[in-house]
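>>> The following block contains a protein sequence and its predicted model.
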Amino acid sequence: MKINSPLQAYKYLPGDNCGICGESTCMAFASRLIERSAELTDCEPILREDQKKNFEKLQELLRPEIREVDIGVGDKAVTIGGDDVLYRHKLTFFNKTALTYDVWDTMDENDLAERVNHIENFQKFYVGEFLNPDAIAIRSVSDDPTQFSETVKKVIEITNLPMVLCSFNPEVLRAGLEVSSDRNPLIYAANKDNWQEVADIANDYGVPVTLFAPGDLDLLKSMALTFTKMGMENLVLDPGTYPTGTQLRDTFNNFIKLRRAGINGDREIAFPLMSVPLTSWLVYEDTVSASYWETVLACTFIIKYGDIMLLHSTEPYAMLPELHMRDTIYTDPRKPVMVDPGVYEVGSPTADSPVIITTNFALTYYTVESDLASNDIDCYLAAIDTEGIGVEAAVAGGQLTASKIKKGLEESEFDLKEQTNHKTLMLPGLAARLQGDVEDETGANVVIGPADSGRIPGWMDKNWPPSTG
């Protein structure tokens, strides 16, 4: 039975508070185990022979309900699965959906290289992180083992991204693996017709494999049980992705049924799930409709409960919603997204540059920073520790106060009097009521900026440099 509280984990720890793990107490370490921010092997005492039973028991209890499967190698490798809950607000979802975009083995060599490079290099900076695709799916259109093998070689030469090798022909899959098995690709897919041959191939090369049984959960479970009995547990389940009508409704329900059963302890099907939104291209003839519905399907199954998906459209209008939805769903709802408190330089500030106060809520900080940088405003930007709360709520709730602003500047070792000629702090308009308190607490001259950081350039033209009397 899975455990979800630090107290339950603590019962199996040595309890000597030795601090070797980096935490002051075993209870604190137990909390990190539940949050998956620490490994059980970080606790040296539990690795002793006399603690072996506790180690094995706790390791079993901490195991995610949904098995984790690794695809790829090195820094680019992705882990899929590993969830413990059906609803992210109960805990969180851990390993992000792996967004995999396709190439195919009948492409011109230059077109292939261009598409692979586009997939690998596509990124969007958002709230302090770059959002990127995760993997390349190589589809066998030719059904020719030699041609497929050559395409896989070319992709390997271009990118280190994880790969999914796609064919129902066992000979094609084997040819692809002969040149790529050291990259630990996922093979797609075993079905009711080829399962024995694909099982032999997956077993020979020790790579993860997808089981495909469209619309037939009984067959999918039977295949999973068969592969498990053959010693293969790095499995991904594809129940089929139908893009329209009642079949789409059935697809949606099948994903929910599989994930609910896995979370509730049915180990026979507790594996990551694959969605294939590119099936939209089999239904819609025009590119706009196919791309639109592919994106709709992708966003739907990022939420319910696709751990990896195969996609075709690489236009920004399709990729950006998918990347943003994935990032949103896999943000821990229990923790505000924060930046480290401190005073940061934007551009090349001098002693005459403004010192602008904001909070350490990541969305607020990066919005303000972007507005300043894009308008070439050289300044100091002070992110005050408000526990990841935005300006208006932090002022109302007492997380942004005069004393916290003073403390934030002191802890950053930013000396307003020594490092500026104007000795002035600029508060956001939504924190205007703090002006007098901040002046009293810090001894600084305080000016009130606009409520919207996008208006700072216009405000600067009229109000900077400040009048210090």
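Arrived safely. As the structure is a prediction and not an experimental result, all values here were calculated from the model.
>>> For the residue nearest the centre of the chain, which three-state class applies?
By CA atoms, centre = their mean, the chain has its centre lying nearest to residue 96, at 4.3 Å. The three-state label given to residue 96 by DSSP: H, G, I helix; E, B strand; the rest coil is coil.
>>> give me every residue that touches the closest residue to it other than its chain neighbours.
Nearest residue to residue 96, sequence neighbours excluded (CB to CB, 6 or more residues apart in numbering): residue 330, at 4.4 Å. Any C-beta I mention is one placed from the backbone N, CA and C, and that applies to glycine too. Contacts of residue 330 were listed using CB atoms under 8 Å, 6 or more residues apart in numbering, and they are 92, 93, 94, 95, 96, 97.
>>> Quick check, the fifth one in contact with residue 323.
This means residue 96. No - using CB atoms under 8 Å, residue 96 makes no contact with residue 323, being 10.0 Å away.
>>> mind listing what residue 335 touches?
By CB under 8 Å, 6+ apart, the neighbours of residue 335 are residue 388.
>>> rerun at 10 Å
35, 92, 387, 388 (CB atoms under 10 Å, 6 or more residues apart in numbering).
>>> how near is it to residue 91?
12 Å (CB to CB, to the nearest Å).
>>> For these two, list the residues in contact with both.
Contacts common to residue 335 and residue 91, judged by CB under 10 Å, 6+ apart, are residue 35.
>>> Show me what the biggest helix by length in the chain is packed up against.
Using DSSP state H, we find that the single longest helix of the chain is helix 245-263. Packed against helix 245-263, as judged by 3 or more CB pairs under 10 Å, 6 or more residues apart in numbering; DSSP states H and E, are the following elements: helix 217-229, strand 235-238, helix 287-303.
>>> Any chance of CSV for these, columns distance to residue 17?
Output for these, formatted as CSV (distance: least, CB to CB, whole Å):
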stretch, distance to residue 17
helix 217-229, 40
strand 235-238, 40
helix 287-303, 41
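>>> winner for burial among the ones you listed?
Per-stretch averages of neighbours, counted by mean count of other CB atoms under 10 Å, single out strand 235-238 among the helices and strands packed on helix 245-263, with a mean of 25.
>>> sorry, back to before: pull out the buried members of the contacts of residue 330.
Among those, those classed as buried by 16 or more other CB atoms under 10 Å are 92, 93, 94, 95, 96, 97.
>>> circling back to that earlier point, out of the contacts of residue 335, list just those in helices.
Per DSSP H, these map to helices at residue 35.
>>> could the contacts of residue 335 be laid out in CSV, adding distance to residue 213 and pLDDT?
Below are those laid out as CSV (distance: CB to CB, whole Å; pLDDT from 0 to 100):
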residue, distance to residue 213, pLDDT
35, 35, 83
92, 30, 87
387, 47, 92
388, 44, 92
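>>> which two from the contacts of residue 335 end up farthest apart in space?
92 and 387 (18.0 Å; CB to CB).
>>> which ones are touching residue 343?
Residue 343 makes contact with 349, 355-357, 380-384, 408-409, 411-414, 416, 419 under the criterion CB under 10 Å, 6+ apart.
>>> Please produce a ChimeraX select command covering the buried subset of those.
Buried members of the contacts of residue 343, defined by 16+ other CB under 10 Å, are picked up in ChimeraX with:
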select :349,355,356,357,380,381,382,383,384,408,409,412,414,416,419
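>>> Could you list the domains of this protein?
6-62, 68-329, 342-463 (automatic domain parsing).
>>> on that earlier part again, give me the buried subset of the contacts of residue 335.
92, 388.
>>> since we're on residue 410, how many residues are nearby?
Residues within reach of residue 410, counting by other CB atoms under 10 Å, total 11.
>>> That one: helix or strand, and which one exactly?
Element membership for residue 410, per DSSP states H and E: helix 402-411.
>>> Quick check: next helix or strand after that helix?
helix 416-419.
>>> Now do the helices in the stretch 101-250 of the chain.
109-121, 145-158, 170-178, 195-205, 217-229, 245-263 (DSSP state H, counting those that start in this stretch).
>>> Which of the ones you listed sits closest to residue 445?
helix 109-121 (46.5 Å).
>>> That closest one packs against which elements?
So helix 109-121, by 3+ CB pairs under 10 Å, 6+ apart, packs with strand 98-104, strand 135-139, helix 145-158.
>>> Switch the contacts of residue 335 over to JSON lines; also include distance to residue 167.
As requested, those are exported to JSON lines (distance: CB to CB, whole Å):
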{"residue": "35", "distance to residue 167": "40"}
{"residue": "92", "distance to residue 167": "36"}
{"residue": "387", "distance to residue 167": "51"}
{"residue": "388", "distance to residue 167": "47"}
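>>> Which single one of the contacts of residue 335 is nearest to residue 137?
residue 92 (27.4 Å).
>>> Angles on the backbone of that closest one, please.
Main-chain dihedrals, residue 92, degrees, to the nearest 10: phi 180, psi 170.
>>> list the residues that contact both of residue 96 and residue 323?
In contact with both residue 96 and residue 323: 131, 134, 302, using CB under 10 Å, 6+ apart.
>>> do you know how far the nearest residue in space to the second one that is not next to it in sequence is from residue 234?
Same thing as residue 134. In space, and not counting its chain neighbours, residue 134 is closest to residue 98: 4.3 Å by CB to CB, 6+ apart. Counting by CB to CB, the gap from residue 98 to residue 234 is 14 Å.
>>> One more: residue 355?
Noted for residue 355: a distance of 53 Å to residue 234, by CB to CB.
>>> and if you look at residue 443?
Applying CB to CB to residue 443 and residue 234 gives a distance of 63 Å.
>>> Settle it for me: which of these two has more neighbours?
residue 234 (20 against 11).
>>> Can you pull the phi/psi pair for the closest residue to the more buried one other than its chain neighbours?
Spatial nearest neighbour of residue 234, chain neighbours left out: residue 208 (3.9 Å); criterion: CB to CB, 6+ apart. Dihedral angles of residue 208 (phi, psi; degrees, to the nearest 10) stand at phi -70, psi 150.
>>> This completes my enquiry, with thanks.
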